[in-house]
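1. pasting the sequence and the predicted coordinates here, then a few questions.
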Amino acid sequence: MSERASPLLTSILCIGIAILYLPMLVLIAYSFNASALVSVWGGFSTSWYATLAHNDQILDAAKLSLQIGVAVSTGSVILGTLAAISLVRFKAFRTRLLLTGMVNAPLVMPEIITGITQLLLFVSMLHLFGWPHRGFTTIVIAHIAFCTAYVTVTVQSRLQSADRSLEEAAMDLGAGPVRAFVDTTLPLIAPALASSWLLSFTLSLDDLVISSFVSGPGASTLPMVIFSKVKLGVSPDINALASLIICVVGVCVLTAGYLMRRTERQRLIDAQMAER
Amino acid sequence: MIDAERGPRTGEWLKRHGKWLIILPPLLFLLVFFLIPFAFALVISFADTAVRIPPFTDIISVGADWHVNMTLNLGNFKYLFTDEVYGLSYLYSIKTAFFSTLICLAIGYPMAYAIARTSKSTQSILLLVIILPFWTSFLLRVYALEGIIRETGLLNTALLWLGVIHQPLQIMRTNLAVYIGIIYSYLPFMVLPLFATLEKLDHSLLEAAADLGSPPWRSFIDVTLPMSMPGIIAGSMLVFIPAIGEFVIPTLLGGPDNLMIGRVLWDEFFGNRDWPVASAVAIVFLVLLVGPIALYQHYSTKQLET
């Protein structure tokens, strides 16, 4: 569908986008405010960023969040890719419906419910088996459970559009199914894997509610530290921290988007070449 | 000899059952860490609070003579229905989520429609612009919103300067702030599925309607609106379901007496440390969500198929 949009529609679109971005832009602008008073502009300064570098609580939380993020995105890319292959390649198997449901449900389940139920599981498991202790491990497991869903959806759509003829050719030439997949289809879906790794990383880095439930004493992630400070109101050093996180997330998402678009374009070029 | 026999046999076994090596890891992981936890919550919702770790009684106990005893305590559910706080907060959460969803739809539909009408290259840029906040932390976006709507924030400053108002508006810590927060945070969730259906809309149908003398508004109601129904439902559910359970927005923007169910649950859990009652609240909440989630699943798969 493409016909020129009316001026009314275009202006609603512009206002909508402005509303989405204005608060974040104001936040970033105020993170460079020299004044400690959040409502008065006291000139340009990067001092709030410098104070962050000396705040041990925030540095520790950032380190923990980054470690969790790396473990979570690696784990969920592996599990999510396996789930996507299962759903796309194996048309009929028992438990298919179960897997589809469990892959889609975390996308809409309110976080607070997921968080409570997972905490109850971990507490009961600890009571019964003496494992896992609440902290790094439980946060990673809980995050993987919902990030896997996002990875599966992303990889699934890429896998569906991937051309299987190369893989079949490899198998005709005597390669086993695993070898054929790794040599032909895996490179095709690699950008989707990279972008879902980045998206899982941002999801994990951002999560507050689930982490708060499944975390234990001594394991505070960055959003948990921010939340405890933000409850008290707007403060300039949190403005600086929030701006930094928004930039990291922005870079991750833009890179993920770029990777997806580039492969899409490459696929179109390949298709055109094949037609000649 | 034996080795030579085993070779093809393992090959055969792999060929027949090898797919389970791929299916089982994600299946088992999600089963244990996503689905089974709900069973635990259900069981614990029938337990009693106890002063110990974990802070609830055992449902199933094994007696000295290996008699298995099961004690179901319905008190938590009875408590939910007698203490009116819970009923009120379910109703209030549903009401808030419902009206926020309607407003999101009213703003999101024209946005998605306008994006669908631009050229392909503009579309991908605009989509990226919508997706970026979709992935940005809720916590940070809600916090950023506070900078706009608080008493000395941008909105009040601008309105005072323009002379529209003479006293700063008190928006923070009111229900209005919760509405603004939900609409602002969930708008991208509405726009994306709507765009996905509007983009696929067959333009020749609209032309046919116009050729037959239908005015544009009529074609919109007769053609565009029904054709985009899967997107409307999917987008609305993507806003409605998480908005009911929203915790961050009412905590940071709402007043102290705000009754969103997410907040009540959180307090029950961390404040009162009454885990069985909190589990019961969560189970009832989940039952309320079964309908909307099924609706979403139905329409989102329908959308994928077309």
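-> In hand now; what should we look at?
2. mind listing what whatever residue of chain A ends up closest to chain B touches?
-> Proximity of chain A to chain B (CB to the nearest CB) peaks at residue A:110, 2.7 Å away. For the C-beta atoms, the positions are set from N, CA and C on the backbone; glycine is no exception. By CB atoms under 8 Å, 6 or more residues apart in numbering or on different chains, the contact list for residue A:110 reads B:241-242, B:244-246, B:262, B:285, B:289.
3. filter the residues you listed down to the ones near chain A?
-> B:241-242, B:244-246, B:262, B:285, B:289 (CB under 8 Å from any CB of the partner chain).
4. ok, back up a step: in helices only, show me the contacts of residue A:110.
-> Judged by DSSP state H, the contacts of residue A:110 include B:241-242, B:244, B:262, B:285, B:289 as members of helices.
5. of those, which is the nearest to residue B:31?
-> residue B:289 (20.2 Å; CB to CB).
6. tell me how many other residues crowd the closest one.
-> Residue B:289 sits with 21 neighbouring residues when counted by other CB atoms under 10 Å in any protein chain shown.
7. swap in residue A:37?
-> 10.
8. contacts only, for the nearest residue to residue B:23 once chain neighbours are set aside.
-> Leaving out its chain neighbours, the residue that sits closest to residue B:23 by CB to CB, 6 or more residues apart in numbering or on different chains is residue A:86, at 4.4 Å. Counting by CB under 8 Å, 6+ apart, residue A:86 touches A:93, A:96, A:99, B:19, B:22-23, B:26-27.
9. and with 7 Å instead?
-> For residue A:86, the contact set (CB atoms under 7 Å, 6 or more residues apart in numbering or on different chains) comprises A:99, B:22-23.
10. on that earlier part again, and which of the ones next to chain A among the contacts of residue A:110 is nearest chain A?
-> Closest to chain A, out of all of the ones next to chain A among the contacts of residue A:110 and judged by CB to the nearest CB, is residue B:245, at 2.7 Å.
11. right, and that closest one touches residue A:109 too?
-> No - taking CB atoms under 7 Å as the definition, residue B:245 is not a contact partner of residue A:109, at 8.4 Å.
12. higher neighbour count, these two?
-> Neighbours were counted for residue B:245 and for residue A:109 using other CB under 10 Å; residue B:245 has more, 25 against 22.
13. longest single helix anywhere in the chain?
-> Going with chain A. Longest helix in chain A by number of residues (criterion: DSSP H): helix A:236-275.
14. that's the other chain; I wanted chain B
-> Chain B, longest helix under DSSP H: helix B:84-116.
15. what comes up buried for that one?
-> B:86, B:89-90, B:92-94, B:96-97, B:100-101, B:103-105, B:107-116 (16 or more other CB atoms under 10 Å in any protein chain shown).
16. does any part of that helix sit near chain A?
-> Yes - judged by CB under 7 Å from any CB of the partner chain, helix B:84-116 comes into contact with chain A at B:107, B:110-111, B:113-116.
17. could I get the ones in helices among the contacts of residue A:110 as CSV with distance to residue B:214 and pLDDT?
-> Listed next are these as CSV, based on distance: CB to CB, whole Å; pLDDT from 0 to 100:
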residue, distance to residue B:214, pLDDT
B:241, 36, 93
B:242, 38, 92
B:244, 39, 93
B:262, 45, 91
B:285, 45, 91
B:289, 39, 90
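18. by neighbour count, which of those residues wins?
-> Counting neighbours by other CB under 10 Å, residue B:244 leads those with 27 neighbours.
19. go ahead and confirm it touches residue B:93.
-> Yes - assessed by CB under 7 Å, residue B:244 is found in contact with residue B:93 at 4.8 Å.
20. any residues in contact with both of these two?
-> If you check residue B:244 and residue B:93 against CB under 7 Å, 6+ apart, the residues they both contact are residue B:261.
21. measure the closest residue to residue B:177 other than its chain neighbours to chain A for me?
-> Nearest non-adjacent residue to residue B:177, counting by CB to CB, 6+ apart: residue B:253, 4.0 Å away. Relative to chain A, residue B:253 is positioned 11 Å away (CB to the nearest CB, to the nearest Å).
22. low-confidence ranges in the stretch 51-200 of chain B?
-> Within the stretch 51-200 of chain B, the segments meeting pLDDT under 70 span B:51, B:60-64, B:69.
23. who in it is up against chain A?
-> Within the stretch 51-200 of chain B, the positions near chain A by CB under 7 Å from any CB are B:54, B:107, B:110-111, B:113-119, B:124, B:128-129, B:131-133, B:135-137, B:139-141, B:143-148, B:150, B:152, B:154, B:184, B:187, B:198-199.
24. would you map out the domains in chain B?
-> Segmentation of chain B into domains, based on automatic domain parsing, reads B:2-70, B:76-305.
25. out of those, which one sits most buried?
-> domain B:76-305 (a mean of 19; mean count of other CB atoms under 10 Å in any protein chain shown).
26. tell me the buried residues in stretch A:144-157?
-> Neighbour-count burial for stretch A:144-157, counted by 16+ other CB under 10 Å, picks out A:144-156.
27. and residue B:151, what element?
-> Here residue B:151 sits in a region with no helix or strand, counting by DSSP states H and E.
28. so the residue nearest to residue B:177 makes contact with residue B:178?
-> Yes - Residue B:253 is in contact with residue B:178 according to CB under 7 Å; the separation is 5.7 Å.
29. element containing residue A:102, please.
-> Going by DSSP H and E, residue A:102 is in helix A:96-108.
30. name the next helix or strand downstream of the longest helix of chain B, please.
-> helix B:120-135.
31. can you list the contacts of residue A:110 in CSV and add distance to residue A:240?
-> Shown next, in CSV, are these (distance: CB to CB, whole Å):
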residue, distance to residue A:240
B:241, 34
B:242, 29
B:244, 34
B:245, 31
B:246, 27
B:262, 29
B:285, 37
B:289, 38
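32. which one of those is nearest residue B:58?
-> Looking across these and measuring by CB to CB, the closest to residue B:58 is residue B:285, at 24.5 Å.
33. all strands for chain B, in order.
-> Counting by DSSP state E, one finds strands in chain B at the ranges B:60-62, B:68-70.
34. also chain A?
-> For chain A, no strands are identified by DSSP E.
35. so where's it uncertain?
-> A:1-5, A:275-276.
36. tell me which residues touch residue 250, please.
-> Since you didn't name a chain, this refers to chain A. Residue A:250 neighbours (CB under 7 Å, 6+ apart): residue B:132.
37. wrong one, chain B
-> Listed by CB under 7 Å, 6+ apart, the contact set of residue B:250 reads B:178, B:258, B:260, B:262-263.
38. who are the packing partners of the helix holding residue A:102?
-> Applying 3 or more CB pairs under 7 Å, 6 or more residues apart in numbering or on different chains; DSSP states H and E, we find helix A:96-108 packed against helix A:56-89, helix A:136-161, helix B:229-244, helix B:275-305.
39. same thing but 6 Å
-> Helices and strands touching helix A:96-108, by 3 or more CB pairs under 6 Å, 6 or more residues apart in numbering or on different chains; DSSP states H and E, are helix A:136-161.
40. and the angle for the helix it packs on with helix A:236-275?
-> The directions of helix A:136-161 and helix A:236-275 differ by 30 degrees, with axes from the mean of the first three to the mean of the last three CA atoms, to 10 degrees as the criterion.
41. circling back to that earlier point, which members of the residues of helix B:84-116 next to chain A are the farthest-apart pair?
-> Maximum distance among the residues of helix B:84-116 next to chain A (CB to CB): 15.4 Å, for B:107 and B:116.
42. spell out which parts of the stretch 101-250 of chain A neighbour chain B.
-> A:102, A:108, A:110, A:112-113, A:116-118, A:120-121, A:123-124, A:127, A:141, A:145, A:202, A:206, A:208-209, A:223, A:230, A:234, A:242, A:246, A:249 (CB under 6 Å from any CB of the partner chain).
43. pull the contacting residues for the most centrally placed residue in chain B.
-> Chain B has residue B:242 as the residue nearest its centroid, 2.3 Å off, counting by CA atoms, centre = their mean. Neighbouring residues of residue B:242 by CB atoms under 6 Å, 6 or more residues apart in numbering or on different chains: residue A:110.
44. ok, back up a step: can you tell which of the domains of chain B is closest to residue A:59?
-> domain B:76-305 (18.2 Å).
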